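Enquirer: Structural data only, the sequence is not supplied:
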């Protein structure tokens, strides 16, 4: 498997890690779309939200338990956005489930 995020998790590609636990790895996005832009990925390869099933649901739940901790550690005390892109029309550029944490300013209400 040739997956960019799997290589980052393994340390084969450098990243600016902001959080890690048994279930997930979080790092700063190299092309930030907000003053704070972090990616949170499961350590197990899951292709996208569409690939979440009963076997992987606990791993995804663990990510959502970690997200508030990650956001707080990044200083996002006044709110933030969590986004996941799915498939070609959703502009998913890496076929490994990931959640964007965006914040650090008042974000636009327009998401399109």
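Expert: Received it, and whenever you're ready, just let me know what you need. Quantities reported herein were computed from a predicted structural model and do not represent experimental measurements.

Enquirer: State which helix of this protein is the longest.
Expert: When the chain is parsed with DSSP state H, its longest helix is helix 57-73.

Enquirer: name the helices or strands packed onto that helix?
Expert: Applying 3 or more C-beta pairs under 8 Å, 6 or more residues apart in numbering; DSSP states H and E, we find helix 57-73 packed against strand 17-20, strand 24-28, strand 36-42, strand 99-103. All C-beta atoms are positioned from the backbone trio N, CA, C, and that covers glycine.

Enquirer: Recalculate using a threshold of 10 Å.
Expert: If contacts are counted by 3 or more C-beta pairs under 10 Å, 6 or more residues apart in numbering; DSSP states H and E, helix 57-73 sits against strand 17-20, strand 24-28, strand 36-42, strand 80-83, strand 99-103.

Enquirer: With mean pLDDT as new columns, can those strands be given to me in TSV?
Expert: Formatted as TSV, the helices and strands packed on helix 57-73 follow (pLDDT from 0 to 100):
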stretch	mean pLDDT
strand 17-20	98
strand 24-28	98
strand 36-42	98
strand 80-83	97
strand 99-103	98
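
Enquirer: Could you check those and tell me which one is nearest residue 63?
Expert: Among the helices and strands packed on helix 57-73, the nearest to residue 63 by C-beta to C-beta is strand 24-28 (4.8 Å).

Enquirer: Would you indicate which residues of the closest one are buried?
Expert: Judged by neighbour count (16 or more other C-beta atoms under 10 Å), strand 24-28 contains these buried residues: 24, 25, 26, 27.

Enquirer: Could you tell me how far the third one is located from residue 107?
Expert: Counting by C-beta to C-beta, to the nearest Å, the gap between residue 26 and residue 107 amounts to 19 Å.

Enquirer: Just say helix, strand or coil for the closest residue to residue 5 other than its chain neighbours.
Expert: Leaving out its chain neighbours, the residue that sits closest to residue 5 by C-beta to C-beta, 6 or more residues apart in numbering is residue 96, at 3.9 Å. When classified by DSSP: H, G, I helix; E, B strand; the rest coil, residue 96 comes out as coil.
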